[in-house]
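Novice: What follows is a protein structure lacking sequence information:
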């Protein structure tokens with residue numbers, strides 16, 4: 001059971017929106033994994049793994065919605081009946097080949113990874129008991145077929161040069177496709193459904209990501225240093241089959257540094273300091289501009305102009321150990337200046353919900 005209240009300070013006519021109702025959901029979930037390896041000889045190894053998970057759940061809900069003016073007199077009201085079904089999952093496959101050199105710790109790895117994540121949903125909404133509703137309320141049906149597929153190829157090389165110096169480097173290529181086919185239907189007077197192309201969307205977002213990294217590690221008597229950098233370039237193309245005027249392309253350049261330092265204060269205590277950056281690219285639901293108007297008083301849509309989110313992490317660790325007593329203390333500080341956040345604003349009595357790089 002649920003209830004909610006909303007007060008709009010920009011309107012005296014549509015001042016208070018009160019909603020209450022109930023919903024019931026049921027569903028199922030499955031998962032599994034498989035791993036294997038084959039040692040060709042003492043220097044060459046092949047490993048394989050696969051995993052899957054998925055599920056589906058159904059929800060039935062009903063709600064009563066009342067809009068009141070500033071005098072708390074009813075402006076309009078209507079009831080909503082909704083039935084929905086959502087499916088989700090992921091299938092992943094990994095294949096790795098590792099070649100070890102005669103020098104201990106030196107090896108070359110070639111890897112391939114595939115992931116596919118379907119995410120499908122459909123819902124039917126019916127409006128009843130409408131009184132003085134100032135906008136059109138048509139029974140509607142929404143069907144969305146979405147998925148993300150990703151191919152990743154990677155090569156890594158590790159070389160412990162000697163007891164003081166160590167290095168590793170690698171390259172990676174990722175091809176990612178986010179696709180969404182959103183069909184929006186409105187019920188006609190004769191009961192038939194007609195697709196609304198203005199509210200439907202066939203959305204394809206292709207990403208080609210090229211990355212390279214290198215790390216260097218130095219070990220002296222009491223001091224240790226590991227520094228690295230990763231460079232990523234992203235080519236992105238977005239196409240809308242039903243609204244080709246929205247098509248666009250974009251490129252992203254990301255330089256991701258990392259630094260870790262350690263110093264031994266004595267034979268049993270160490271202090272460490274580190275800096276890392278994490279990047280997060282927006283997914284399909286954050287980017288897709290399709291307007292979900294199943295709730296006419298609160299519509300939602302994505303923002304295709306979002307940028308990569310960057311998080312900076314600074315940390316310090318102190319550790320001390322002995323035969324009977326151990327201490328570990330951690331201090332971390334994380335900050336983000338362009339976090340992807342959901343925000344809402346009022347537009348003629350309707351709350352619109354979307355995303356932007358506004359989080360700090």
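Specialist: Now that the structure is in, tell me what you want to look at. Source: prediction; values computed, not measured.
Novice: alpha carbons only for contacts and neighbour counts from here, please
Specialist: Noted.
Novice: From what I see, residue 286 and residue 355 are in contact.
Specialist: Yes. Using C-alpha atoms under 8 Å, residue 286 and residue 355 qualify as a contacting pair, with a distance of 6.6 Å.
Novice: lowest-pLDDT helix or strand in this protein?
Specialist: Taking mean pLDDT, DSSP states H and E as the measure, the chain has helix 284-287 as its least confident helix or strand, at a mean of 75.
Novice: Show residues contacting that one.
Specialist: 178-180, 205, 301-306, 354-355 (C-alpha atoms under 8 Å, 6 or more residues apart in numbering).
Novice: In ChimeraX, select just the buried ones from those.
Specialist: Typed into ChimeraX, the line below selects the buried ones among the contacts of helix 284-287, using 16 or more other C-alpha atoms under 10 Å:
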select :178,179,180,205,301,302,303,304,306,354,355
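Novice: So among the contacts of helix 284-287, where is pLDDT lowest?
Specialist: pLDDT is lowest at residue 304 among these; the value there is 79.
Novice: C-terminal to the least confident helix or strand of the chain, what's the next element?
Specialist: Of the helices and strands lying after helix 284-287 in sequence (DSSP states H and E), the nearest is strand 298-300.
Novice: helix or strand for residue 163, which one?
Specialist: Here residue 163, judged by DSSP H and E, is contained in no helix and no strand.
Novice: Over to residue 61?
Specialist: Going by DSSP H and E, residue 61 is part of strand 44-68.
Novice: who does that strand touch, helix- and strand-wise?
Specialist: For strand 44-68, the packing partners by 3 or more C-alpha pairs under 8 Å, 6 or more residues apart in numbering; DSSP states H and E come out as strand 16-41, strand 74-100.
Novice: ok, back up a step: now do the shared contacts for residue 286 and residue 355.
Specialist: The contact sets of residue 286 and residue 355 overlap at 302-303 (C-alpha under 8 Å, 6+ apart).
Novice: Give the pairing partners of the strand holding residue 61; include direction for each.
Specialist: In the sheet, strand 44-68 lines up against strand 16-41 (antiparallel), strand 74-100 (antiparallel) (DSSP bridges).
Novice: Can you add distance to residue 276 and mean neighbour count and give these back as CSV?
Specialist: As requested, the strands paired with strand 44-68 are exported to CSV (distance: least, C-alpha to C-alpha, whole Å; neighbours: other C-alpha atoms under 10 Å):
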stretch, distance to residue 276, mean neighbour count
strand 16-41, 31, 13
strand 74-100, 27, 18
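Novice: how deep is residue 238 tucked in, by neighbour count?
Specialist: Using other C-alpha atoms under 10 Å as the criterion, residue 238 is surrounded by 22 other residues.
Novice: Correction: the previous question concerned residue 340.
Specialist: Residue 340 is flanked by 22 other residues according to other C-alpha under 10 Å.
Novice: I'd say it and residue 359 touch.
Specialist: Yes. Judged on C-alpha under 8 Å, residue 340 makes contact with residue 359 at a distance of 6.0 Å.
Novice: Give me the distance from the strand holding residue 61 to the chain's centre.
Specialist: Strand 44-68 sits 14 Å away from the centroid of its parent chain (C-alpha atoms, centre = their mean, to the nearest Å).
Novice: Look up the pLDDT of residue 2 for me, please.
Specialist: 95.
Novice: would CSV of the strands paired with strand 44-68 with distance to residue 224 be doable?
Specialist: Converted to CSV, these look like this (distance: least, C-alpha to C-alpha, whole Å):
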stretch, distance to residue 224
strand 16-41, 34
strand 74-100, 26
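Novice: now the ones you listed in JSON lines, with mean pLDDT and distance to residue 157?
Specialist: Formatted as JSON lines, the entries for these read as follows, by pLDDT from 0 to 100; distance: least, C-alpha to C-alpha, whole Å:
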{"stretch": "strand 16-41", "mean pLDDT": "96", "distance to residue 157": "19"}
{"stretch": "strand 74-100", "mean pLDDT": "95", "distance to residue 157": "10"}
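Novice: so where's the protein shaky on pLDDT?
Specialist: Of all residues in the chain, those with pLDDT under 70 make up the ranges 284.
Novice: Can you tell me the centre-most residue of it?
Specialist: For the chain, the residue whose C-alpha lies nearest the mean C-alpha position (C-alpha atoms, centre = their mean) is residue 283; its distance is 4.8 Å.
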